[in-house]
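>>> Below are the sequence and a predicted model; questions follow.
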Amino acid sequence: MSAPLNSNGHATDSSERLRPLGPEEVSGEARALYDAVVNSPRAQGPGRNILIREDESLCGPFDAWLRSPGIGKIFEKAGMALREETAMDPAVREIAVLTVARAWGINFEFQVHAMVAKMLGVPEAAIEELARGENPAFERDDLAIAYRLATELVQERRVREDTYQAAISTLGEQVTIEVVTHIGFYQLVSGVLTTFDPPDPSVQVPAPALKPKPYAPAIQLFDAASTTRSVRRLREDPVSDEQIERLIRMASYAPSGGNLQPWHIIVVRDEEKKAALGRHYHEIWSHYAASRREMIKDLGDEQKAPLERSLQAGDVLGQNFGKAPVICVFVFNPDLLHITDIDADHPPVVGGASLYPAVQNFLLACRAEGLGSTLTTQLCEVEPEVRKILDIPKPWAPFAFLPVGYPVGRGHGPLNRRAVDQIAYKDSFGESLFASET
């Protein structure tokens, strides 16, 4: 049985990362910081027993900062300035903090600020919805925009243009800057709390606690689709079984003819099997890359540069394919496909309609998980060898190979694709979709 978790999501029977310091154990700048916290407005009234434990040690991030009082006193003053010296409505301030605490899963932070938010008149229903990980319905526009700002900054690492314009219109320029600063400050606090894992307060906080919620990576569909790159440079850090399960679950949502789902996935972690696949892939890639470089050798530098960069990324994958933490091999059963173009005067492709949507869903799930991957079919050239390595019985056959791992460097980012007016037609082939009617 797993050990119970404390308010920061850590096992309560684990050893303390930092032993809390009492006032008699600190002196100089650290004692000045301790006194500043104890005498501050935040430690008066009902908040005192929450911030200061029975043994007089400090809760929250302050105990950790006693070890580095030079920066601790700056952050203590910054926290007070964000409470006392801004134009933010206090309820707006608390919604921003609650959203950060929910995203980081910091129960102490959430409960303390839920208590304050309730005293400020934030509806209990909205606080409960935040505790459950739901999107709260706010009657006040300023609270709604504070929630949007915090959600996008924490989950997407940016603020979308429509949210920014709504914030400026609703809150004004100064308060928008203050809210964004406040969000950043409490992400810093969350990082300290989750890293150093201070003990809980000596008293029960009279506010709702965070409720567990199903795992749901937070990324907007269009953001995911427009930034899911082919990631060929992968770290060797492990990828968990839970993550792989989520990727496969996402793949299973893809459409297929008759809902037959004529594909399975072989998750390859065995080092010998990965190495065998890697040797075959490296050989195939080397021949392919050499032929491509021969084709582009006479191009001008400007034309050749992006093609060469792509080949160099492929070289890295070719050399390290077998070192990926996981290689997911998609296999299909041709007997379960209805291939309507089998007799057409071109290679049949229709069968892929029941296969490759699952691969794309898998790649989008990788993006949401912070993982990288790329679709390659080159090992299909050595299907008999792949069959032997992975014990694939007939009629099943491989159709996609996806190495999965954490990206080296940035990994994902904006895609470069043709404009819509270059790929879409109106009513018949070649008729511009957006041609003006005169």
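Noted; the coordinates are in hand.
>>> Where do the strands of the chain begin and end?
263-268, 326-332, 397-404 (DSSP state E).
>>> For the ones you listed, give me TSV that also has mean neighbour count, distance to residue 77 and mean pLDDT.
Every residue, glycine included, has its C-beta placed from N, CA and C. Shown next, in TSV, are these (neighbours: other CB atoms under 10 Å; distance: least, CB to CB, whole Å; pLDDT from 0 to 100):
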stretch	mean neighbour count	distance to residue 77	mean pLDDT
strand 263-268	18	51	98
strand 326-332	22	47	98
strand 397-404	22	45	98
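>>> burial count for residue 378?
By other CB atoms under 10 Å, the residues close to residue 378 number 17.
>>> Quick check, it in contact with residue 288.
Yes - taking contacts as CB atoms under 8 Å, residue 378 lies within contact range of residue 288: 6.9 Å.
>>> circling back to that earlier point, of the strands of the chain, which is nearest residue 137?
strand 397-404 (37.9 Å; CB to CB).
>>> re earlier: any chance of the strands of the chain in JSON lines with distance to residue 340 as columns?
JSON lines is the format used below for the strands of the chain (distance: least, CB to CB, whole Å):
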{"stretch": "strand 263-268", "distance to residue 340": "18"}
{"stretch": "strand 326-332", "distance to residue 340": "16"}
{"stretch": "strand 397-404", "distance to residue 340": "18"}
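>>> So for residue 309, which of these sits nearest?
Using CB to CB, the nearest of these to residue 309 is strand 397-404, at 19.3 Å.
>>> Just name whatever secondary elements that closest one is in contact with.
strand 326-332, helix 356-369, helix 383-390 (3 or more CB pairs under 8 Å, 6 or more residues apart in numbering; DSSP states H and E).
>>> who wins for proximity to residue 254 among the strands of the chain?
strand 263-268 (8.9 Å).
>>> which outside residues touch the closest one?
244, 248, 251, 256, 274, 277, 326-333, 354-355, 358, 390, 392, 396, 399 (CB atoms under 8 Å, 6 or more residues apart in numbering).
>>> and with 7 Å instead?
Here strand 263-268 makes contact (CB atoms under 7 Å, 6 or more residues apart in numbering) with 244, 248, 274, 277, 326-332, 355, 358, 390.
>>> And stretch 328-339, by the same measure?
Against stretch 328-339 from outside (CB under 7 Å, 6+ apart): 257, 260, 262-268, 348, 350-351, 354-355, 359, 390, 392, 395-402, 404.
>>> Quick one: distance of that stretch to the chain centre.
With CA atoms, centre = their mean, to the nearest Å as the basis, stretch 328-339 stands 31 Å off its chain's centre.
>>> change the start of the numbering to 3 and stick with it
OK, 3 is where the count begins now, so the last one is stretch 330-341.
>>> Next, the distance between the ends of that stretch.
End-to-end distance for stretch 330-341, by CA to CA, to the nearest Å: 25 Å.
>>> Quote the end-to-end distance of stretch 259-271.
So stretch 259-271: terminal residues 31 Å apart, CA to CA.
>>> what's the answer for stretch 293-303, then?
18 Å.
>>> Buried residues, it. List them.
Buried residues in stretch 293-303, defined by neighbour count with 16 or more other CB atoms under 10 Å: none.
>>> Which two among the contacts of strand 265-270 are spaced furthest apart?
276 and 357 (23.0 Å).
>>> Contacts only, for the nearest residue to residue 233 once chain neighbours are set aside.
Excluding the flanking residues, the one nearest residue 233 by CB to CB, 6 or more residues apart in numbering is residue 374, at 2.8 Å. For residue 374, the contact set (CB under 7 Å, 6+ apart) comprises 233, 236, 368, 407, 408, 409, 413.
>>> Just among these, which is most surrounded?
residue 368 (28 neighbours).
>>> doesn't residue 248 make contact with that residue?
No - counting by CB atoms under 7 Å, residue 368 does not reach residue 248; the two are 9.8 Å apart.
>>> so what does the one helix or strand in the chain whose mean pLDDT sits lowest touch, helix or strand wise?
The helix or strand of the chain with the poorest confidence is helix 50-53; it has a mean of 84 (mean pLDDT, DSSP states H and E). Taking 3 or more CB pairs under 7 Å, 6 or more residues apart in numbering; DSSP states H and E as contact, there are no helices or strands that helix 50-53 lies on.
>>> Just the buried residues of that helix, please?
Buried, per 16+ other CB under 10 Å, within helix 50-53: 51, 52, 53.
>>> ok, of these, which one's closest to residue 32?
Among the buried residues of helix 50-53, and counting by CB to CB, the member closest to residue 32 is residue 53, at 16.7 Å.
>>> how many neighbours does residue 54 have?
By other CB under 10 Å, the residues close to residue 54 number 20.
>>> I should have written residue 416 there, sorry.
8.
>>> same question, the one 3 residues further on
Other residues lying near residue 419 total 9 when counted by other CB under 10 Å.
>>> State the distance from it to residue 314.
21 Å (CB to CB, to the nearest Å).
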